[in-house]
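S.K.: Got a sequence here, can you build the structure:
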Amino acid sequence: MSQTTPSERPPLDPQRRRNRNVAIVCGLTFFGMVGAAYAAIPIYRAFCQVTGYGGTVRRAEAAPDRLSDQKVTVSFDTNVRGLPWDFSAEQRAQTLRVGETKLAIFKVTNHADHPVTARAVFNVTPDSAGTYFRKLQCFCFSDQTIGAGRTVEMPVLYFVDPKFTQDINTKGVTDVTLSYTFFPAVDAKPPAVAAGS
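M.R.: I've put the predicted structure just below:
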């Protein structure tokens, strides 16, 4: 019984070749879209934090050297998703001059019987104010691990950039809301020493 070698096999007819090519393109497109979906979140987050787009707060290296006479009231909103935590702001709101640095204190209690690691995402409303809202120090810059049954205080050191007063989109804005939502951290690794332990 003779076997056909690869060189002796009959060529694929044109219709089967087209079907195979379409299947390969569909498979590559599917895997490309899945990869793009996973990459979209960190890319979008990085874009927003650099530009202030969508009310996302920018990180600052230093406080401004001038103050405006214009005042803004910053209200604080706290949320938790999928965590056994209580999360609240020690103050409901703060009034500050544009360019003035303020310290806000937040409190988290972990009700679990084990340490829990989470990450806070944040934004500012109205969106136009997010471009000028700056943080010098914030618990939202990294994952936070709270020990079992522990309560910790977390500071945020922030200011509103003096350019806020010159933008037509923020003209007349006197109330701003800084909102945080804690989510379970992705790929959280058990810490050597938990915060608040």
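S.K.: which parts of the helix or strand that contains residue 179 are buried?
M.R.: Assigned by DSSP states H and E, residue 179 falls within strand 175-184. For strand 175-184, the neighbour count (16 or more other CB atoms under 10 Å) marks 176-182 as buried. Yep, even glycine has a C-beta here, placed from its N, CA and C like the rest.
S.K.: just stretch 80-91 next, same as before
M.R.: Buried-residue list, stretch 80-91, by 16+ other CB under 10 Å: 80, 83, 85, 87, 89.
S.K.: And those, which two are furthest apart?
M.R.: The span of these, defined through CB to CB, is set by 83 and 89 at 16.7 Å.
S.K.: Looking at the buried residues of strand 175-184, spot the one nearest residue 69.
M.R.: For the buried residues of strand 175-184, the nearest to residue 69 is residue 176 (17.1 Å; CB to CB).
S.K.: and the spatially most central residue of the chain, what is it in contact with?
M.R.: By CA atoms, centre = their mean, the chain has its centre lying nearest to residue 121, at 4.0 Å. For residue 121, the contacting residues are 45, 140, 180-181, 183, by CB atoms under 8 Å, 6 or more residues apart in numbering.
S.K.: Partner strands of the one helix or strand it maps to, with direction?
M.R.: For residue 121, the element it lies in under DSSP H and E is strand 116-125. Paired strands of strand 116-125, with direction, are strand 144-146 (antiparallel), strand 175-184 (antiparallel) (DSSP bridges).
S.K.: these two touch, right, residue 128 and residue 176?
M.R.: No: taking CB atoms under 8 Å as the definition, residue 128 is not a contact partner of residue 176, at 9.7 Å.
S.K.: Any stretches of the chain with poor pLDDT?
M.R.: Low-confidence segments of the chain (pLDDT under 70): 1-12, 36-64, 187-197.
S.K.: 80 instead, please
M.R.: 1-14, 31-32, 34-66, 186-197 (pLDDT under 80).
S.K.: how about the strands of this protein, start to end?
M.R.: In the chain, the segments counted as strands under DSSP state E are 58-59, 71-80, 85-89, 93-97, 102-110, 116-125, 133-138, 144-146, 151-160, 175-184.
S.K.: Can you tell me which of those is packed in deepest?
M.R.: Each of those was scored by mean neighbour count; the highest is strand 144-146, a mean of 24, by mean count of other CB atoms under 10 Å.
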